[in-house]
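# when you get a sec, could you give me coordinates for this:
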Amino acid sequence: MREQRESSKEYMTVGELAKKMGITVRALQYYDKQGIFSPSAESRGGRRLYTYKDMVRLHQILSLKSLGFSLDDIKNRLISLDSPDDVADALSRQAAAVREKIDRLTESLNAIEMLKSEVLQIQTVDFKKYADIIVNFHMNNEYYWLIKHFDDSLLDNIRSRFDEESGTIFMEKYNCLNEEAIELSEKGVPPEDEKAQVLAEKFWTLITEFTGGDISILQELIEFGKFEGIDNDWVQKQAEVNAYLDPALEIYFSRMGINPFVEGEL
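All right, here's what the predicted structure looks like:
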């Protein structure tokens, strides 16, 4: 039950509050009807009256609403404002919600800027390739930008063999093997060493998984490995990995009697 008070400087009518907060009277009436924000008192004549505490509560509601929360969500997020700690807690939660929103907007902005950059570099309208770039970007695949360098047959292979989950797992394996190759190289482990040969076997298994035994895809990957027009940092890292893996793979192929460029040997 609302407290009955005479109008004073400590209280605001619905119109006064609406004007101060930049909101319509109708919106305030709707919030009251929904049970999310009601006046603390009313005058003896029946006019609804709001306090400055109500104003702080309304600010919290409007802030959460601007972040995309539904009224039901807001109801569950509102807490009492009866002590300084309560107010500080409410503001901390509000700040956390704002930061979360900023993070989401920043991610969306980065995706838009990324795609814009890739579109300009591709120089052709290719929505299929755009979609691949977007998917890989959202998978947190740091090599999403490489897609613009793939031809249609290589992309078709990737689309047919990998979904988001399996693609993510594949890239995790690939990155781990690259890091392992760099680590062994820095430690001076020779390519004929057992550790290097185990790495070569794991890397070749991964390549076989990627190509599905298709020699033409393997040849495309080798051509692609010439790195023409590709990001210099990536080129440098891959050159370091390949410098170590190539001789290790040659020894592995020789020991296993494998010729990867002969049909049926993949």
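# how many neighbours does residue 13 have?
Here the number of neighbours of residue 13 (other C-beta atoms under 10 Å) works out to 16. The way it works is simple: take the backbone N, C-alpha and C, and place the C-beta from them, glycine included.
# now it, nearest residue through space, not along the chain?
Excluding its sequence neighbours, the residue lying closest to residue 13 (C-beta to C-beta, 6 or more residues apart in numbering) is residue 47, at 5.9 Å.
# let me know the pLDDT of that neighbour.
The model reports residue 47 with a pLDDT of 84.
# renumber starting at 20 from here on
With 20 as the first residue, the last one maps to residue 66.
# the domain parsing of the protein - what is it?
22-91, 169-275 (automatic domain parsing).
# which of those has the lowest average pLDDT?
For the domains of the chain, where the average pLDDT is lowest is domain 169-275, sitting at a mean of 78.
# as a check, name the ranges of all helices in this protein.
33-40, 44-52, 71-85, 90-96, 103-141, 146-157, 171-180, 183-205, 213-230, 234-243, 251-275 (DSSP state H).
# out of those helices, which comes closest to residue 62?
helix 33-40 (11.3 Å; C-beta to C-beta).
# which other residues reach the closest one?
31, 43-44, 46-48, 58, 66-67, 69, 73-74, 77-78, 81 (C-beta atoms under 8 Å, 6 or more residues apart in numbering).
# buried stuff in that helix?
33, 36-37, 40 (16 or more other C-beta atoms under 10 Å).
# for the residue lying closest to residue 215 once chain neighbours are set aside, give me its contacts.
Counting by C-beta to C-beta, 6+ apart, residue 215 lies nearest to residue 267, which is 4.5 Å off, once chain neighbours are set aside. Contact analysis of residue 267 by C-beta under 8 Å, 6+ apart lists 210-211, 215-216, 218-219.
# repeat that for 10 Å
200, 203-204, 208-212, 214-220, 222-223 (C-beta atoms under 10 Å, 6 or more residues apart in numbering).
# count the neighbours of the residue nearest to residue 83 when sequence neighbours are not counted for me.
Excluding the flanking residues, the one nearest residue 83 by C-beta to C-beta, 6+ apart is residue 93, at 4.8 Å. By the criterion of other C-beta under 10 Å, residue 93 has 20 neighbours.
# per-residue pLDDT, residue 93?
79.
# I'd guessed it sits against residue 84; true?
Yes. Taking contacts as C-beta atoms under 10 Å, residue 93 lies within contact range of residue 84: 6.5 Å.
# on that earlier part again, residue 54 versus the residue nearest to residue 83, what's the distance?
11 Å (C-beta to C-beta, to the nearest Å).
# ditto for residue 187
Remark: distance between residue 187 and residue 54 (C-beta to C-beta) = 44 Å.
# JSON lines for the domains of the chain, including distance to residue 97?
Formatted as JSON lines, the domains of the chain follow (distance: least, C-beta to C-beta, whole Å):
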{"stretch": "domain 22-91", "distance to residue 97": "7"}
{"stretch": "domain 169-275", "distance to residue 97": "37"}
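# can you tell me which of those comes nearest to residue 120?
Across the domains of the chain, closest to residue 120 is domain 22-91 (C-beta to C-beta), at 4.8 Å.
# turn the helices of the chain into TSV, including distance to residue 62.
Putting the helices of the chain into TSV (distance: least, C-beta to C-beta, whole Å) gives the following:
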stretch	distance to residue 62
helix 33-40	11
helix 44-52	16
helix 71-85	15
helix 90-96	27
helix 103-141	27
helix 146-157	55
helix 171-180	69
helix 183-205	60
helix 213-230	76
helix 234-243	78
helix 251-275	70
